[in-house]
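Chemist: Quick check, what structure comes out for this input:
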Amino acid sequence: MELLQLRYFYESALAESFAVTAEKYMVPATSVSASVKRLEKELGCSLFDRSANRIRLNGNGRRLQKSLCLVFSELEGAVAALRTPQSDTREIKMLVRATRSQVTERIIAFREKHPEIAFRTVLDFTEHDLSKYDIIVDARGDAYSGFDRFELLSMPIRVMAASDHPLLERPLPFSRLAAEPFISWGEESNMHRLLVDACRVSGFSPRIAVETGDKACYERLIASGIGVGLGRGDTPPAGCAYLPVSDFDERYTVYVYYKPDARFGNVELFLDFLQNGSKST
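Modeler: Now for the predicted structure:
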């Protein structure tokens with residue numbers, strides 16, 4: 001078993017594609033596929049379910065990928081630390097596209113422990129130049145090219161309405177909301193994408209009554225009965241309730257994406273804090 005074999009497997013597992021891995025390492029896709037097959041033979045089990053035109057990570061592969069995520073993070077951090085002076089004065093550059101209030105609170109808590117570490121944090125859905133960031137926080141499930149990731153949090157998504165809304169009386173399908181006005185977080189937000197996707201699956205386009213990026217305004221509009229919208233978590237805000245929608249089962253999962261070669265010093269300290277919370281020092 002060679003380190004390069006494990007690298008080929010890990011990158012292919014992230015993308016579920018040998019071709020993407022081959023392009024990254026500038027080798028033929030057949031070389032990547034053959035290397036992974038040798039690894040599977042050594043392990044005595046398959047890591048991917050293969051069909052004619054694609055591969056899918058199976059249970060064995062997921063277990064190995066999860067372990068390698070930790071192994072490679074430790075290895076890359078150790079190598080970077082050996083190449084870098086002990087005193088890391090870098091500013092942590094971070095793009096936040098999801099759970100902005102929660103991430104802000106975590107930055108504040110981290111800065112209480114490490115006041116000497118500086119941040120440059122951008123809260124923006126429309127930023128396109130990702131190369132200048134060490135860390136990206138987003139709810140998109142697809143991996144950012146060149147970034148590793150770990151899950152930051154996950155919470156249920158439900159349809160939220162005013163606490164006296166007549167549709168609260170009995171279970172209903174999502175398609176029943178086709179005539180309802182919706183309150184949206186705005187077209188660039190993850191919550192808006194979830195809303196539009198759910199409506200599309202149910203065969204209609206949402207009628208957006210109000211778009212707002214302000215959380216208090218969003219909740220107030222729904223509580224007043226102006227429209228319905230999506231809510232996160234188990235407990236709705238004051239004046240709101242979750243509709244008993246029978247065929248809507250979504251979760252809001254937020255990931256921390258980071259550049260592997262930046263995971264040392266200040267960045268590694270903050271990533272460990274995000275991953276382990278109060279256990280970080």
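Chemist: what helix or strand does residue 270 sit in?
Modeler: In this structure, residue 270 sits in helix 265-276 according to DSSP states H and E.
Chemist: Packing partners of that helix?
Modeler: Helices and strands touching helix 265-276, as assessed by 3 or more Cβ pairs under 8 Å, 6 or more residues apart in numbering; DSSP states H and E, comprise helix 59-83, strand 92-96, helix 100-113, strand 135-138, strand 250-258. In short, each C-beta sits where N, CA and C put it, glycine included.
Chemist: quick one: contacts of it?
Modeler: Identification of contacts with helix 265-276 by Cβ atoms under 8 Å, 6 or more residues apart in numbering yields 77, 80-81, 84, 88-90, 92, 106, 109-110, 113-114, 117, 134-135, 150, 152, 256, 258, 263, 280.
Chemist: among the helices and strands packed on helix 265-276, where is the model least confident on average?
Modeler: When the helices and strands packed on helix 265-276 are compared by mean pLDDT, helix 59-83 comes last with a mean of 81.
Chemist: Show the contacting residues for residue 25.
Modeler: Taking Cβ under 8 Å, 6+ apart as the test, what residue 25 contacts is 7, 8, 11, 32.
Chemist: I'd like the residues you listed as a markdown table, with pLDDT and secondary structure appended.
Modeler: Output for these, formatted as a markdown table (pLDDT from 0 to 100; DSSP: H, G, I helix; E, B strand; the rest coil):
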| residue | pLDDT | secondary structure |
| --- | --- | --- |
| 7 | 90 | helix |
| 8 | 91 | helix |
| 11 | 90 | helix |
| 32 | 90 | helix |
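Chemist: quick one: which of these is nearest residue 181?
Modeler: residue 11 (45.2 Å; Cβ to Cβ).
Chemist: Do I have it right that the closest one meets residue 21?
Modeler: Yes - contact criterion Cβ atoms under 8 Å: residue 11 and residue 21 qualify, at 4.2 Å.
Chemist: rewinding a little: of the contacts of residue 25, closest to residue 237?
Modeler: residue 11 (41.9 Å).
Chemist: Where do the helices of the stretch 101-250 of the chain begin and end?
Modeler: 190-201, 215-223 (DSSP state H, counting those that start in this stretch).
Chemist: Quick one: low-confidence residue ranges for the protein.
Modeler: Scanning the chain for pLDDT under 70 picks out the ranges 80-87, 141-143, 277-281.
Chemist: in the longest strand anywhere in it, what's buried?
Modeler: The strand that spans the most residues within the chain, counting by DSSP state E, is strand 148-162. Judged by neighbour count using 16 or more other Cβ atoms under 10 Å, the buried positions of strand 148-162 are 148, 149, 152, 153, 157, 158, 159, 160, 161, 162.
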